[in-house]
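1. fold the following and give me the result.
(one chain, ligands or ions: 1)
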Amino acid sequence: MENKVKKSNNLKYIILYLLILVVIIVAGYFILNSILKEDVTADIENKEIVFNTQTSEDLQLVKAEKFEIPEHISATVPIFMYHFILEDYGDYPDTENFLKPETLEEQLKYISENGYDTIYIDELDDLYKYDKPVALTFDDCFVYFYDNAFPLLKKYNQKATIFIITDYINGENYLTEEQLKEIADSGLVKIESHTKTHDYLDEMNYDEQVEQAVESKERLEAITGQEVTTYCYPSGRYNQTTLDIIKDYYDFGLEMLGGVYDSDVDTNPYQIPRIYANRSMSLSTFASYLEQSRVYY
Ligand SMILES: [Zn+2]
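-> This next block holds a predicted model:
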């Protein structure tokens, strides 16, 4: 009899313990669940707050760190070709090659106010870093670049790539070595080769072409201390020999004509097209090219 009572008491305790255990487990589940939910919400809120307080430069960094470099990206990039930035073109016949400084200023202002990213030509390999890339290139340059374009690039903090004819350095109306060094040191301008003499490459033999490509590169690298990676064909003229030679010395070659660069179409890095930014280009035409800037995965 006593044993039976003991047994029934034991059973009661066991059931009670089990009930308590079930209550604890169920309560624990709900408490844990609500904590986890709060954490996720707080996380999202924090991320939004952090995101909103970043500067665009920081965002760029966050973007670069956050994502693996994608294996393939596609991009369309307007690459503008300028020559001389000068109000008065004097007796020079190709008047369209002279852009007024105020026009360049208008364009740079538009670029900076509308969130475009100016890139160097050799950043065409790193487009994943950018959302709205655009490249500004200046051929020949002369001292007008130093006097009229360089101050505007600094004012609007925009990047450009310039193409120098190395036999002209220190010559009349041309850039001096000191000016080139100062320009390169600014961190806003990459100095690249526009050959030694600006003669037609497609009329030269193999050795002459090697000399143009190699000596101009070495001279510029000696002046700036920076690697020269891009070759710009004078008057847009080149042939297969040019392409065979420069692949050993340069990463990119620039044409004079063409539309907006499209990475899926313009797959040869030695035939990069450009848009002629001439004297009579309106701001709305300039803007319509910019609107085609895109990077997508
Ligand atoms: Zn030229």
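2. domain parsing for this protein?
-> Listed domain ranges for the chain are 1-53, 75-296 (source: automatic domain parsing).
3. deepest of the ones you listed, which one?
-> Comparing the domains of the chain by mean neighbour count (mean count of other Cβ atoms under 10 Å), domain 75-296 comes out on top with a mean of 18. All C-beta atoms are positioned from the backbone trio N, CA, C, and that covers glycine.
4. pull the contacting residues for residue 274.
-> Listed by Cβ atoms under 8 Å, 6 or more residues apart in numbering, the contact partners of residue 274 are 79-81, 137, 254-258, 261.
5. list just the nearest of those residues to the ion.
-> Taking Cβ to the ion as the measure, the ion sits nearest to residue 256 out of the contacts of residue 274, at 8.1 Å.
6. make sure the closest one is indeed in a strand.
-> No: with DSSP: H, G, I helix; E, B strand; the rest coil as the criterion, residue 256 is assigned coil and is not in a strand.
7. which residues does the residue nearest to it when sequence neighbours are not counted contact?
-> Among residues not flanking residue 256 along the chain, residue 236 sits closest, at 3.1 Å (Cβ to Cβ, 6 or more residues apart in numbering). Contacts for residue 236 (Cβ under 8 Å, 6+ apart) come out as 255-257.
8. could you pick out which of the residues you listed are near the ion?
-> Checking the contacts of residue 236 against the ion by Cβ under 5 Å from the ion, not one of them is in range.
9. the stretch 101-250 of the chain against the ion: which residues are in contact?
-> Residues of the stretch 101-250 of the chain lying close to the ion by Cβ under 5 Å from the ion are 139-140, 234.
10. out of the residues you listed, name the ones that lie in helices.
-> Counting by DSSP state H, none of the members of those fall within helices.
11. from those, pick the one nearest residue 250.
-> Within these, the smallest distance to residue 250 is 14.6 Å, found for residue 234 (Cβ to Cβ).
12. quick check: the gap between the closest one and residue 177.
-> Distance, residue 234 to residue 177, by Cβ to Cβ, to the nearest Å: 21 Å.
13. and residue 296, by the same measure?
-> Distance from residue 296 to residue 177, counting by Cβ to Cβ: 42 Å.
14. next one: residue 93
-> Distance of residue 93 to residue 177, computed by Cβ to Cβ: 30 Å.
15. same check, this time on residue 166
-> 10 Å.
16. now tabulate the residues of the stretch 101-250 of the chain next to the ion in JSON lines and tack on pLDDT.
-> Putting these into JSON lines (pLDDT from 0 to 100) gives the following:
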{"residue": "139", "pLDDT": "97"}
{"residue": "140", "pLDDT": "96"}
{"residue": "234", "pLDDT": "97"}
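17. so which of those residues are in strands?
-> Of those, the ones assigned to strands by DSSP state E are residue 139.
18. let me know the closest of the residues of the stretch 101-250 of the chain next to the ion to residue 160.
-> Set against residue 160, the nearest of these by Cβ to Cβ is residue 139 (11.4 Å).
19. gap between the closest residue to that closest one other than its chain neighbours and residue 267?
-> Ranked by Cβ to Cβ, 6+ apart and with sequence neighbours excluded, the top spatial neighbour of residue 139 is residue 163, at 4.9 Å. Noted for residue 163: a distance of 22 Å to residue 267, by Cβ to Cβ.
20. of the domains of the chain, which shows the lowest average pLDDT?
-> Across the domains of the chain, domain 1-53 has the smallest mean pLDDT, namely a mean of 57.
21. does residue 104 really touch residue 86, like I thought?
-> No: here residue 104 does not reach residue 86: they are 10.2 Å apart, not a contact under Cβ atoms under 8 Å.
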